[in-house]
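Engineer: predicted model, plus sequence, below.
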Amino acid sequence: MVAEILTWLLAFLIPAGVMAACNRYRFLDSIGPIMILYALGLAVSLTGFHAESQSIISGLTIPLAIPLILIGNRITLSGESTRHTVTAFFSCLASAVIAVFIAYMLFRPDRNVAGMVAGCVTGGTMNMAAVKLALGVDDATFVIMNTYDMIVSFIYMVFLLTVGIRLARRIMPNKTACQSESVSTADSSTGQPSKGVRNYVILLAVAAGCAAISLGVARLFDESIFMMIFILVLSALGVALSFCKSISTKPESYGMGMYLVYVFSFVVASMADFRGMSIGQNANLLAFFATTIFCSLFLHLLFCYLLKVDADTAVIASNAFVNAPPSVPVIASAMKNRNALTAGLTIGIVGYAIGTYLGVMVAKAISLLP
């Protein structure tokens, strides 16, 4: 009981403290709250502290954060922004397929494993599980690949947060196509007292309502597409409410959403537990997985550079494919670019939709290779 209470307190107080520190100290703001909270969360995980509340908090925060962020950020898409988003999507798709074939030629895993990885890099773990069922992959192999997915995806995320975003902005256009508005940490602070406590209650109730409606609709569909439907409905409701003046004019909306993203970042990092992972076992599969993900990232950034896609759209598109739409707000926050969220969610949702089919097609195509 004490551990559960402590978890809730740490989950919400530490992000508020980090936000206040970033507002006060410029060098901390240059690192960014997300990276600091990831580091603090990992430090907590190394102590061996784990509680059931961690899963509850991580499962609640992003579904509440997505509509809040979208409500507080009305997006006006132009023809140019649509071109960037569509181009980034097809770049991700082509890069994923090419990377899987390159990695396959290097490491020669089972064709079904290659299919699972192809599904994973176009929608995350959910698609890998769907491909596993479609191809009849045994449970033992799936557990190994799911373990490697957690390891490589985490390294990939840390790479984006520490190096990837800055590197992409150096070599590619830096202006986001969706009429980008740079947001400082101070803009998204909700850790300070507000004049509109009533607004916080209303917005939280609206976000909870959006999540409940999305959950209800998603449950009407097959479990294999549950998450895709859930994120699709949740995003649609958030965008729709951004045009409702009585809701969207409340200035606390975006800040509340970002605060919940910070809470998620700290909690999900504190849940990391690599002690039971057999990294050395089947190292060939780990190398195959890592090569596929980072090769796809390299190819994607190269294609986006040649096609003149802006840096933020390119990076958030890749993340939406590899780590799935729920991780998109984390990257958008690290970018301090709220408008990248829409492109990332759109690309990630379509990735969800096609990832299973792509994985099966890749497995069938590889079976034709000599």
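Structural biologist: Received the coordinates, thanks.

Engineer: on contacts alone, who are the packing partners of the longest helix anywhere in the chain?
Structural biologist: In the chain, with assignment by DSSP state H, the single longest helix is helix 79-107. With contacts defined as 3 or more Cβ pairs under 8 Å, 6 or more residues apart in numbering; DSSP states H and E, the packing partners of helix 79-107 are helix 111-120, helix 283-306, helix 311-323, helix 340-366. (C-beta placed from N, C-alpha, C; glycine too.)

Engineer: nearest to residue 256, out of these?
Structural biologist: Nearest of the helices and strands packed on helix 79-107 to residue 256, taken as Cβ to Cβ: helix 340-366 at 14.5 Å.

Engineer: how far out from the middle of the chain is the closest one?
Structural biologist: What separates the centre of helix 340-366 from the centre of its chain is 14 Å, taken as Cα atoms, centre = their mean, to the nearest Å.

Engineer: pull out the buried positions in it.
Structural biologist: 340-356, 358-360, 362-363, 365-366 (16 or more other Cβ atoms under 10 Å).

Engineer: got it, and stretch 217-235?
Structural biologist: Of the residues in stretch 217-235, 217, 218, 225, 227, 228, 229, 230, 231, 232, 233, 234, 235 count as buried by neighbour count, 16+ other Cβ under 10 Å.

Engineer: just the element for the last one, please.
Structural biologist: Taking DSSP states H and E as the criterion, the element that holds residue 235 is helix 226-241.

Engineer: also the first one?
Structural biologist: Secondary-structure assignment from DSSP H and E places residue 217 in helix 197-218.

Engineer: for that helix, list the C-alpha coordinates in PDB.
Structural biologist: Taking C-alpha atoms only, helix 197-218 is exported to PDB below (Å, rounded to 0.1, in the frame of the first residue of the first chain):
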ATOM      1  CA  VAL A 197      -8.900  25.600 -11.500                       C
ATOM      2  CA  ARG A 198     -12.400  25.100 -12.900                       C
ATOM      3  CA  ASN A 199     -10.900  24.900 -16.400                       C
ATOM      4  CA  TYR A 200      -8.600  22.100 -15.300                       C
ATOM      5  CA  VAL A 201     -11.500  20.100 -14.000                       C
ATOM      6  CA  ILE A 202     -13.600  20.700 -17.100                       C
ATOM      7  CA  LEU A 203     -10.700  19.800 -19.500                       C
ATOM      8  CA  LEU A 204      -9.800  16.700 -17.500                       C
ATOM      9  CA  ALA A 205     -13.500  15.600 -17.700                       C
ATOM     10  CA  VAL A 206     -13.600  16.200 -21.500                       C
ATOM     11  CA  ALA A 207     -10.400  14.200 -22.000                       C
ATOM     12  CA  ALA A 208     -11.700  11.400 -19.900                       C
ATOM     13  CA  GLY A 209     -14.900  11.500 -21.900                       C
ATOM     14  CA  CYS A 210     -12.900  11.300 -25.200                       C
ATOM     15  CA  ALA A 211     -11.000   8.300 -23.800                       C
ATOM     16  CA  ALA A 212     -14.100   6.500 -22.700                       C
ATOM     17  CA  ILE A 213     -15.900   7.000 -26.000                       C
ATOM     18  CA  SER A 214     -12.800   5.800 -27.900                       C
ATOM     19  CA  LEU A 215     -12.600   2.800 -25.700                       C
ATOM     20  CA  GLY A 216     -16.200   2.000 -26.200                       C
ATOM     21  CA  VAL A 217     -16.000   2.300 -30.000                       C
ATOM     22  CA  ALA A 218     -12.700   0.300 -30.200                       C
END
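
Engineer: I'd like to know how many residues surround residue 55.
Structural biologist: The local packing of residue 55 (other Cβ atoms under 10 Å) involves 13 other residues.

Engineer: now swap in residue 283 and tell me
Structural biologist: Residue 283 has 12 neighbouring residues, counting by other Cβ under 10 Å.

Engineer: any idea how far it lies from residue 103?
Structural biologist: Computed as Cβ to Cβ, to the nearest Å, the residue 283 to residue 103 distance reads 14 Å.

Engineer: show me the contacts for residue 246.
Structural biologist: If you count contacts by Cβ atoms under 8 Å, 6 or more residues apart in numbering, residue 246 has none.

Engineer: in which helix or strand would I find it?
Structural biologist: Assigned by DSSP H and E, residue 246 belongs to helix 245-248.

Engineer: would you mark the buried spots in that helix?
Structural biologist: So, applying 16+ other Cβ under 10 Å, buried residues of helix 245-248: 247, 248.

Engineer: what of stretch 304-315?
Structural biologist: Buried residues in stretch 304-315, counted by 16+ other Cβ under 10 Å: 304, 305, 309, 310, 311, 312, 313, 314, 315.

Engineer: then stretch 41-59?
Structural biologist: Using 16+ other Cβ under 10 Å as the test for burial, stretch 41-59 gives 41, 42, 44, 45, 50, 51, 53, 54, 57, 58.

Engineer: farthest-apart pair in those, please.
Structural biologist: The distance between the two most remote of those (Cβ to Cβ) is 18.1 Å, for 42 and 53.

Engineer: sorry, back to before: just put the helices and strands packed on helix 79-107 in TSV and tack on mean pLDDT.
Structural biologist: Formatted as TSV, the helices and strands packed on helix 79-107 follow (pLDDT from 0 to 100):
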stretch	mean pLDDT
helix 111-120	94
helix 283-306	95
helix 311-323	94
helix 340-366	89
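
Engineer: mind putting those helices in a markdown table, distance to residue 206 included?
Structural biologist: Formatted as a markdown table, these follow (distance: least, Cβ to Cβ, whole Å):
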| stretch | distance to residue 206 |
| --- | --- |
| helix 111-120 | 34 |
| helix 283-306 | 35 |
| helix 311-323 | 25 |
| helix 340-366 | 18 |
